[in-house]
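>>> What follows is a protein structure lacking sequence information:
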């Protein structure tokens, strides 16, 4: 399964639209928060299945703060990350991932792309598609998951 991953779109769909074009054929779009509604709009417009969570800028917006998905026998934990202090450390997020038995953790909030394997768990932050912390480095990720393994790539527009 080919999965597109966005985070921190903040209501500006132009860059997210470009990212979707570059992702090619995806079967699922994950959005790691801050303007969860953007993901719902993109999913509806492009007829793509969407899983998304709310972030710290989704005040009063309905939606889950976390999702645990199982795809091809891999557990993927989706959260924005603000509730785990990811701007300081991934320690609290790692504890949650271990508690849930996650194989892959997708998070946002930092606006910095990051991919790291810790304790057998892949931690993946696609960065911000709209407001990257490093100016001009708008990013997203593509995750391919099969029964025999997974591959992830962080891409810049």
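It's in. Small disclaimer: the values here were computed from a predicted structure and weren't measured. Numbers count the residues shown, from 1 in each chain.

>>> wait, residue 134 sits on residue 112?
Yes - counting by Cβ atoms under 8 Å, residue 112 is a contact partner of residue 134 at 7.2 Å. No exception for glycine: its C-beta is placed from N, CA and C like everyone else's.

>>> higher neighbour count, these two?
Comparing residue 134 with residue 112 by other Cβ atoms under 10 Å, the one with more neighbours is residue 112, at 17 against 13.

>>> so who does the more buried one touch?
The contact partners of residue 112, taken as Cβ atoms under 8 Å, 6 or more residues apart in numbering, are 125, 127, 132-134.

>>> Give me the residues contacting the helix or strand hosting residue 15.
Using DSSP states H and E, residue 15 falls within helix 13-23. Residues from elsewhere that reach helix 13-23, judged by Cβ under 8 Å, 6+ apart: 2, 4, 6, 9, 26, 29, 38, 41-42, 46, 48, 129-130, 138, 140, 142, 155, 157.

>>> Could you rerun that using 6 Å?
Contact with helix 13-23 is made by 4, 6, 9, 38, 129-130, 138, 140, 142, 157, as judged by Cβ atoms under 6 Å, 6 or more residues apart in numbering.

>>> Of these - the most surrounded one?
Neighbour tally across the contacts of helix 13-23 (other Cβ under 10 Å): the maximum, 32 neighbours, falls on residue 6.

>>> Which of the residues in stretch 31-41 are classified as buried?
Residues of stretch 31-41 classed as buried: 31-39 (neighbour count, 16 or more other Cβ atoms under 10 Å).

>>> Could you give the separation of it from the chain centroid?
How far stretch 31-41 lies from its chain's middle: 10 Å, per Cα atoms, centre = their mean, to the nearest Å.

>>> same deal with stretch 54-67?
For stretch 54-67, the distance to the chain centre is 13 Å (Cα atoms, centre = their mean).
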